[in-house]
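Participant: need a structure here:
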Amino acid sequence: MKLGYTTGYWSSGPPAGVVEAIAEADRLGFDSVWAAEAYGSDCLTPLAWWGASTSRVRLGTNIMQMSARTPTAAAMAALTLDHLSGGRFILGLGASGPQVVEGWYGQPYPRPLARTREYIDIVRAVLARSGPVQYDGDFHQLPHRGGTGLGKPLKSTVHPLRTDLPIYLAAEGPKNVALAAEIADGWLPLFFSPKADGFYRAALAEGFARPGARRTPDEFEVAATVPIVVDDDVERAADRIRPFVALYVGGMGARSTNFHRDVIARLGYERECDLITEAYLAGDKQAAVAAVPTALVQDIALIGPAAKIKDEMQRWRETVITSLLVSGSPRQLRQIAELVH
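Facilitator: Below you'll find the predicted structure:
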């Protein structure tokens, strides 16, 4: 199982110690480094800035929000960073949710799967550079319909370093996971649990079985964000993860539409999700955090003494995951690398 380092979201500014942690991840032989975006920092600038000081790790977006850029703009960024990194870039894409897409980017959200399919079609057409890009979809048209009528099909002036640059798709629901298996080179799950491995294997198998599926299961990458906290006190370790879970279950979506909550509820925590959501939306974040049970944390993370984590790693190795994306200080990354390998 490969290891990746995720820098996560920025809060009020750049995360502390990230430069040193990336350097250590590169030195330790980590496979990849990832940057995120929501409605603060973007994911491309930090990846280019920090990635310039690395030499081996692959550089991925987890995730680049599709509503933030047109498909051709995303393709331009991908081929640019792929050249600058010497062929180390991974384009991780995701649809996000309606609150961010419509509230921050001012773009419509309905039919995200169909939008995703069109988006990736156009990105691949730009990267293929087999001719001027033309597309007549329900959501994207090149050239633009109407307007001045002067738009013309264009081909990238830059020759892509890799026409098969890998595209990974963030997905949580079974239909979106199946879409990732059908049209992408990898899947970026959040809140993965070995308990749900069979559920996700079935969704992936559906996508792989579709006509024209891009990859076979053996060629497909699954890079999951998995918190790892080494601490002799399991409850203290769980306390490090509870705020993260409470935020996503209670605050990263509307009461009626929250895909992160749905993932946790499917693990058997429907009642707990209700308690977390009610407390969070009432403004009592402390109660929301307290409502996250330790059992839930242990389902989606590796926490506790080193020996416990090492024993539990076997269960994770037996899942569809090919890369664990972790975070932490340079010292913690060294410890995690020793436990995983």
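Participant: Thr225 and Gly146, how far apart?
Facilitator: 41 Å (Cβ to Cβ, to the nearest Å). Backbone N, C-alpha and C define where each C-beta goes, glycine included.
Participant: quick check, central residue of the chain?
Facilitator: What sits nearest the mean C-alpha location of the chain, by Cα atoms, centre = their mean, is Asn62, with 3.8 Å.
Participant: backbone dihedrals for the residue lying closest to that residue once chain neighbours are set aside, both of them.
Facilitator: Nearest non-adjacent residue to Asn62, counting by Cβ to Cβ, 6 or more residues apart in numbering: Trp34, 4.0 Å away. The phi/psi pair for Trp34 (degrees, to the nearest 10) reads phi -130, psi 150.
Participant: and Ile300, how many neighbours does it have?
Facilitator: 24 (other Cβ atoms under 10 Å).
Participant: so it touches Lys195, yeah?
Facilitator: No. Using Cβ atoms under 8 Å, Ile300 is not in contact with Lys195; the gap is 9.1 Å.
Participant: returning to what we had before: what are the bridge partners for the residue nearest to Asn62, then?
Facilitator: Under DSSP bridges, the beta-bridge partners of Trp34 are Thr6, Gly60.
Participant: quick one: it from Phe89, how far?
Facilitator: For Trp34 relative to Phe89 (Cβ to Cβ), the value is 11 Å.
Participant: and the strands in the stretch 151-300 of the chain?
Facilitator: Per DSSP state E, counting those that start in this stretch, the stretch 151-300 of the chain carries strands over the ranges 167-170, 186-188, 221-225, 228-230.
Participant: what's near enough to touch Leu44?
Facilitator: 35, 61, 64, 77, 81 (Cβ atoms under 8 Å, 6 or more residues apart in numbering).
Participant: let's see it at 6 Å
Facilitator: Ala77 (Cβ atoms under 6 Å, 6 or more residues apart in numbering).
Participant: returning to that earlier point: how many neighbours does the residue nearest to Asn62 have?
Facilitator: With neighbours defined by other Cβ under 10 Å, the count for Trp34 comes to 27.
Participant: quick check: it touching Gly60?
Facilitator: Yes. Look at Trp34 against Gly60 with Cβ atoms under 6 Å: they come within range, at 4.7 Å.
Participant: quick one on the thing from earlier: between Thr225 and Gly146, point out the one with more neighbours.
Facilitator: When Thr225 is set against Gly146 and neighbours are counted by other Cβ under 10 Å, the residue ahead is Thr225, at 23 against 8.
Participant: where's Val158 relative to Gly207, distance?
Facilitator: Here Val158 is placed at a distance of 31 Å from Gly207 (Cβ to Cβ).
Participant: more neighbours: the two, which one.
Facilitator: Neighbours per residue (other Cβ under 10 Å) separate Val158 from Gly207, with Gly207 holding more: 25 against 13.
Participant: so that one versus Phe220, what's the distance?
Facilitator: 9 Å.
Participant: now the common contact residues for the two.
Facilitator: Common neighbours of Gly207 and Phe220 (Cβ under 6 Å, 6+ apart) do not exist.
Participant: count of neighbours near the spatially closest residue to Leu296 that is not a sequence neighbour?
Facilitator: Using Cβ to Cβ, 6+ apart and skipping residues adjacent in sequence, the residue nearest Leu296 is Tyr269, 5.3 Å away. Tyr269: 22 surrounding residues under other Cβ under 10 Å.
Participant: sorry, back to before: out of the strands of the stretch 151-300 of the chain, which is closest to Leu324?
Facilitator: Across the strands of the stretch 151-300 of the chain, Leu324 has its closest neighbour in strand 221-225 (6.5 Å, Cβ to Cβ).
Participant: what's the closest one packed up against?
Facilitator: On a contact count with 3 or more Cβ pairs under 6 Å, 6 or more residues apart in numbering; DSSP states H and E, strand 221-225 meets strand 186-188, strand 323-326.
Participant: send me the longest one as PDB with only the CA atoms.
Facilitator: Taking only C-alpha atoms (Å, rounded to 0.1, in the frame of the first residue of the first chain), the coordinates of strand 323-326 have been written out as PDB:
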ATOM      1  CA  SER A 323      -2.900   4.600  -1.300                       C
ATOM      2  CA  LEU A 324      -3.500   6.000   2.200                       C
ATOM      3  CA  LEU A 325      -3.400   9.800   2.200                       C
ATOM      4  CA  VAL A 326      -2.300  11.000   5.600                       C
END
